[in-house]
Each structure stands twice: as structure tokens, then as C-alpha cells.
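>>> This is a predicted model, with the sequence first.
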Amino acid sequence: MKYPPRRAATCGCGYLAAFLTLLVVASLQIQYHHLKVDLGSSDFDTATATQTQQQRRRREGDRRGGGSAGRWSRKTGAEGLPRGIVETSSDMYLRPLWDSAGSTAKTSAKSKNDRYKALLAMAVGVEQMQNVDTMARKFLNESYTVMLFHYDGNVDGWRGLEWSDRAIHILAPNQTKWWFAKRFLHPSVVAIYDFIFLWDEDLGVEKFDPRRYLDIMVSEGLEITQPALDPDLSTDIHHRITIRNKMTKVHRRVYDNRSSMNCSDDSKGPPCTGWVEGMAPVFSRAAWKCVWHLIQNDLIHGWGLDMKLGYCAQGDRAEKVGVIDSEYVVHQGIPSLGGPSHTSKIPRRSLDLRTQIRRKSSAELETFKERWDKAVREDDEWLDPFEA
């Protein structure tokens, strides 16, 4: 028996699909009409155009990867805020509690006249107030910022100095400048400063001018420096490269034929070249951004850092790291943190503390070396730029 041919089953489905499509289009047109009525035709067109422009700007910013749009495309934690309200950095300028527009304008005008913005940060104790006073005045006279880290718990003792209210005071008992720097000198906080002076408190600055010093640092293309030490007056010199050369403005290396040193023109790294000591380093903004990450939270004495600072020199450490001879200082070598005070009734205990501090510093040096070596071994993507 023959059966009549069946009609294609897809015909009914095709009609159904076409009907559903028409229904969806009609529904969208009705919603569009109602939205225009609610917003008003002009407002609706403006909102649509604005949204399109914003999407276009975001796409362009993502493609460029630079400029304000490019920077905003990265995660900052402020994605929920409009760009114009976001403060991406901080500063150390003291602000008055009351209206003082005149003084603010004066400060702003003075800041604009400065060629560089610099910050002097020191860990200080009241026993060294006279010396710190001399140092701070040198920098404040150039409109540079001064920040004092008080390790002896005594802030009120500095109130008698006429510039005390112009300085920033931070107190934490028995902490070093490296401990303070790691916690209060984050690169984002000090980003407005071109240079960071992270100095000890026992430096004589009679022959030192901070403005001339920075002029030399810039003209020589240096990123990490220290002032040379006066060999006649300094009582605590540990490394020959830090000794002042009276015949030069800047030196970047030292020559020493002793077998323990063997420093020559062929030397490529510390302690012959590309090296400064930890007592009076000066960092450019770019260098400090790297150095801050090098400082270890728990290794507060900073021993071992000096041998690795050249990795933050933004290039060849033999060229970018140097000792400035024409602006030099005196290292007085006064034991301060943990040392005896003039009023101490138990100097023997203070001497014992100094011994303990020395031992801890030496132990931290070994720990830092071990961490560096471990980090180098485990980071397969890192290549030592100074290895031949």
C-alpha cells in the first residue's frame, strides 16, 4: 500500500520561529517608546550619546595603556570613584586647623620657586639635639621638608627649637631609621619629593650645602649618592670609597691593591664601585621606589642593604651610584640608639646594650644574605643585570 508523502516537519517550526521573532521586535519597540516618553526625547538621546562616549573613552584608554585613562584602567582600589576626586599620592605639608589663606599662598609660592623637592628623614634622640638642629636648619632654609623619627620617646624636648613646629615628628621607642622608613616613607606617600635623604643624626654639615649637592647629583646623572667623609675630622670611617677626594667633585670608584679589596678599573661592583654606606644615603624618587621594597620589615638595622642598593640605581651602578666630594660631611661616630646618655647612671648597662645591638646587626646581615640568595635561586624569571 502506498502512503501519501509527508510534509516536512520543519515547516511548522519555521512559522513558529518567525512569529516569535516578530513578537520580540514588537515588544522592544513598545519598551523603547515608553522609555522615550518617560525621559523625554532629548534627555534620552543625550543619555544614549553620553553612554556611548564613555564606552569609547574606556576602550581607547585600555588600548593606549598610558595617560590618565590608561592608568585608570588598572586596579587602584578607587574604581568606584570619579577620576577627578581621586588623590593618587600624599605629601608631608602641615595644614593649619584654621583659615590661613595668606600663609598657604606664601608656602605655595615658595614651593614653586624651589628647583627640587627634598625630604630629610632622621632617627633622632634628644641627646643629639644640637647637632640635629644644625642639620635641620640647612634643609629648612632651602624649603625642604624635615621629618624626625624619635627613638628615645622624647618629643617635647624639641619644642624649644624655633623650627620644631615646621618639622614632622614621629615617635616609636628604640627603633632605627630603616624601621621608620619602611613604615612611614612608602613611595606613594613621598612621591612628590624628587630626593630622599635618609641620614644618621651624628653628621657634621658645616661644609655641606643641600641645594648645591642636589645640583651636582642631577648634573652627574646620579640616582643614589652620599656625601664624602672628611678624613681629618671624621672619627668613624669604615670604607675607603667614602673618603673625600679633594681633587674631584664626584667619584664613583676606589682603587685599592690590597688582596682583600683588589679594586681596579675592572671592578664592577661593591665595595669598589656602585656603592654607598648606610649612614648618609640620598635617593632619587625612582631609586627610592625600588629601595623601599628592598628593606625587610624585621631586619631593622639595615645591614647588608648597602651591598644591594646598586640594583635600584636605574641602570649601571658603576655610573649611577657615586660619592660627592665637593659637598662633604663629618661622621662623628657617636653611639646613640642603645648607647649611653650624658645623664645615665648605669653606663655599664648601656655598653652591654650596644654589644647586644652589634650582635643582632651581625645576625641580621647573615639573614639578609640568606634571603637574597634564596630569592635569586627561586625566581626563575629574574636575571642579574650585573653578571657577565
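Thanks, I have the structure now. Keep in mind it's a predicted model, so treat the numbers as computed, not measured.
>>> can you map out the helices along the stretch 201-350 of the chain?
Assigned by DSSP state H, counting those that start in this stretch, the helices in the stretch 201-350 of the chain fall at 210-219, 285-294, 317-320, 347-378.
>>> got a markdown table for those, with mean pLDDT too?
Rendered in a markdown table, the data for the helices of the stretch 201-350 of the chain read as follows (pLDDT from 0 to 100):
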| stretch | mean pLDDT |
| --- | --- |
| helix 210-219 | 97 |
| helix 285-294 | 97 |
| helix 317-320 | 97 |
| helix 347-378 | 87 |
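>>> Of these, which is nearest Tyr255?
Across the helices of the stretch 201-350 of the chain, Tyr255 has its closest neighbour in helix 317-320 (13.6 Å, C-beta to C-beta). All C-beta atoms are positioned from the backbone trio N, CA, C, and that covers glycine.
>>> Give me the neighbour count for the residue lying closest to Ile224 once chain neighbours are set aside.
Spatially, and ignoring its direct neighbours in sequence, Ile224 is nearest to Val321 (4.7 Å; C-beta to C-beta, 6 or more residues apart in numbering). By other C-beta atoms under 10 Å, 27 other residues sit near Val321.
>>> which stretch among the helices of the stretch 201-350 of the chain comes nearest Ala172?
Nearest to Ala172 among these is helix 347-378 (16.2 Å), distances taken as C-beta to C-beta.
>>> The closest one packs against which elements?
Using 3 or more C-beta pairs under 8 Å, 6 or more residues apart in numbering; DSSP states H and E as the contact criterion, helix 347-378 has no neighbours among helices and strands.
>>> Could I get the buried residue list for it?
Neighbour-count burial for helix 347-378, counted by 16 or more other C-beta atoms under 10 Å, picks out Leu353, Ile357, Ser361, Glu364, Leu365, Phe368, Trp372.
>>> Please enumerate residues in contact with stretch 368-385?
Contacts with stretch 368-385, where a contact means C-beta atoms under 8 Å, 6 or more residues apart in numbering, come from Gln296, Leu299, Trp303, Gly304, Leu305, Lys308, Tyr311.
>>> what's the burial count for Ile334?
Ile334 is flanked by 16 other residues according to other C-beta under 10 Å.
>>> check contacts around it.
Ile334 touches Gln128, Asp202, counting by C-beta under 8 Å, 6+ apart.
>>> now with 10 Å?
Contacts for Ile334 were tallied using C-beta atoms under 10 Å, 6 or more residues apart in numbering; they are Gly125, Glu127, Gln128, Asn131, Asp200, Glu201, Asp202, Leu203, Thr235, Asp236.
>>> Show me which of those residues is closest to Val250.
Closest to Val250, out of all of the contacts of Ile334 and judged by C-beta to C-beta, is Leu203, at 18.6 Å.
>>> The closest one: neighbouring residues, count only.
The burial count for Leu203: 22, using other C-beta under 10 Å.
>>> show me the contacts for the residue lying closest to it once chain neighbours are set aside.
Among residues not flanking Leu203 along the chain, Val329 sits closest, at 4.6 Å (C-beta to C-beta, 6+ apart). Listed by C-beta under 10 Å, 6+ apart, the contact set of Val329 reads 135, 199-200, 202-208, 213, 226-230, 233-234, 244, 279-280.
>>> Now a PyMOL select for only the buried ones of those.
Remark: buried members of the contacts of Val329, expressed as a PyMOL selection using 16+ other C-beta under 10 Å:
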select buried, resi 135+199+200+202+203+204+205+208+213+226+227+228+229+230+234+244+279+280
